[in-house]
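J.: From the sequence below, what's the structure:
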Amino acid sequence: APFEIDSLADLIMFRDSVNAGETKYNAEGVYVVLTADIDLASVENWEPIGNWDYSFDANFDGKTFKIKNKLLRS
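T.: Down below sits the predicted model:
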């Protein structure tokens, strides 16, 4: 079954897991789906999913949902 992201809290937990090198949500054959729009307007300095040490290597399907109002670290 895919890992479903339907809230900002889910997205942050997912991102932190990937960026820490954990493989629960980031490995060949893993399938991640958005099940709702996620608004990042309340998050300062959003860190991307994946980093220099750990890239995102699973499957991510946004369906028709969006992650919006993303502010990247400068």
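J.: So in the protein, where's the weakest helix or strand by average pLDDT?
T.: When the helices and strands of the chain are compared on mean pLDDT, DSSP states H and E, strand 67-68 comes out lowest with a mean of 92.
J.: ok, it: who's next to it in the sheet?
T.: The strands beside strand 67-68 in its sheet (DSSP bridges) come out as strand 38-39 (parallel).
J.: Mind giving me the packing neighbours of the following helix or strand past the partner strand?
T.: Next in sequence after strand 38-39, counting helices and strands by DSSP states H and E, comes strand 59-61. For strand 59-61, the packing partners by 3 or more C-beta pairs under 8 Å, 6 or more residues apart in numbering; DSSP states H and E come out as strand 31-34. From N, CA and C alone the C-beta is placed, and that goes for glycine too.
J.: wait, isn't Phe60 in contact with Val32?
T.: Yes. Counting by C-beta atoms under 8 Å, Val32 is a contact partner of Phe60 at 4.9 Å.
J.: Of those two, which one has the most company?
T.: Applying other C-beta atoms under 10 Å to Phe60 and Val32 shows that Val32 carries more neighbours, namely 20 against 17.
J.: For the more buried one, list each beta-bridge partner.
T.: Applying DSSP bridges, one finds that Val32 bridges with Phe3, Phe60.
J.: who's in contact with it?
T.: The contact partners of Val32, taken as C-beta atoms under 8 Å, 6 or more residues apart in numbering, are 2-5, 14, 25, 58-61.
J.: For burial, what's the neighbour tally of Leu34?
T.: 19.
J.: hang on, I meant Gly21
T.: Gly21 has 10 nearby residues by other C-beta under 10 Å.
J.: OK, contacts around it?
T.: 53-54 are the contacts of Gly21 under C-beta under 8 Å, 6+ apart.
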